[in-house]
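1. give me a model of this one.
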Amino acid sequence: MQARPELVCVGAIAGAFGVRGEVRVKSFCAEPAAIGDYGPLLTEDGRQFTLTVLRPVSGGLACRLSGVRSREEAQALKGTRLHVRREALPPLPEDEFYHADLIGLAVFDPGGRQIGRLRAVADHGAGDVLEIERPGRNAPLMLPFTRAFVPLVDLEAGRIVVDPPEEE
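-> Numbering: from 1, shown residues only. As a prediction, the model looks like this:
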């Protein structure tokens with residue numbers, strides 16, 4: 001079984017917003033404003049912030065971070081990823097997964113042959129898309145994350161079964 005990361009990325013700071021230290025945050029939560037509900041957020045370098053969502057804005061959410069008082073301090077945080085401890089996340093219904101639990105899993109075809117590893121899960125507005133890194137191939141295999149293309153996700157076994165279309 002794949003080790004579950006202690007921290008899960010729930011958003012990233014896109015830059016300063018306004019002149020009083022607010023930041024624009026890109027939320028990775030299913031409900032974007034929920035990023036403010038998880039308690040203290042942690043950065044990869046060990047800093048901790050309390051985040052208050054102020055309002056939706058173009059490209060994300062306007063937020064206040066504890067201890068950030070100026071536009072310069074806010075801008076210096078641009079690109080910082082925000083994490084929560086796994087135990088702060090709510091349990092998911094059956095057949096729903098946190099992306100962090102899927103990244104890195106081995107990917108198999110229906111016949112049991114490993115075809116690669118899951119590199120990323122992207123959502124460009126029409127639903128999640130799996131990006132599967134395949135050895136010896138320049139381009140990743142991109143598949144919609146639907147039951148038709150992904151009949152099985154087995155977190156305990158650390159594997160995903162996909163049924164890709166025939167390659168030409």
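2. by mean pLDDT, flag the weakest helix or strand of the protein.
-> helix 99-102 (a mean of 87; mean pLDDT, DSSP states H and E).
3. tell me the helices and strands packed up against it.
-> If contacts are counted by 3 or more C-beta pairs under 8 Å, 6 or more residues apart in numbering; DSSP states H and E, helix 99-102 sits against strand 114-123. (C-beta placed from N, C-alpha, C; glycine too.)
4. what are the pairing partners of the strand it packs on, and which direction each?
-> Partners of strand 114-123 in the sheet, by DSSP bridges, are strand 106-108 (antiparallel), strand 128-133 (antiparallel).
5. looking at those strands, which is closest to Gly11?
-> Among the strands paired with strand 114-123, the nearest to Gly11 by C-beta to C-beta is strand 128-133 (17.2 Å).
6. list the buried residues in the least confident helix or strand of the chain.
-> Across helix 99-102, burial judged by 16 or more other C-beta atoms under 10 Å covers His99, Ala100, Asp101, Leu102.
7. helix, strand or coil for the residue lying closest to the second one once chain neighbours are set aside?
-> Going back to what we said before, that points to Ala100. Residue nearest to Ala100 in three dimensions, not counting chain neighbours: Val8, with 4.6 Å by C-beta to C-beta, 6 or more residues apart in numbering. Under the three-state scheme (DSSP: H, G, I helix; E, B strand; the rest coil), Val8 adopts strand.
8. for Glu73, what are its contacts?
-> If a contact means C-beta atoms under 8 Å, 6 or more residues apart in numbering, then Glu73 has Gly21 as its contacts.
9. that one belongs to a strand?
-> No - looking at Glu73 with three-state DSSP, it is helix, so not inside a strand.
10. next, find the distance separating it from Arg47.
-> According to C-beta to C-beta, to the nearest Å, Glu73 stands 12 Å off from Arg47.
11. how distant is the least confident helix or strand of the chain from the center of its chain?
-> Centroid displacement of helix 99-102 relative to its chain, using C-alpha atoms, centre = their mean, to the nearest Å, is 8 Å.
12. who's Val121 bridged to?
-> Assessed by DSSP bridges, Val121 has beta-bridge partners Leu130.
13. and for it, the neighbour number?
-> For Val121, the tally of surrounding residues (other C-beta atoms under 10 Å) stands at 16.
14. so how far is Val150 from it?
-> From Val121 to Val150 the distance is 11 Å (C-beta to C-beta).
15. if I look at the two, which residues touch both of them?
-> In terms of C-beta under 8 Å, 6+ apart, Val121 and Val150 are both contacted by the residues Leu130.
16. would you map the strands across the protein?
-> Residue ranges of the strands in the chain, as given by DSSP state E, are 7-16, 23-27, 41-42, 48-49, 51-57, 60-65, 81-85, 106-108, 114-123, 128-133, 141-144, 152-154, 159-161.
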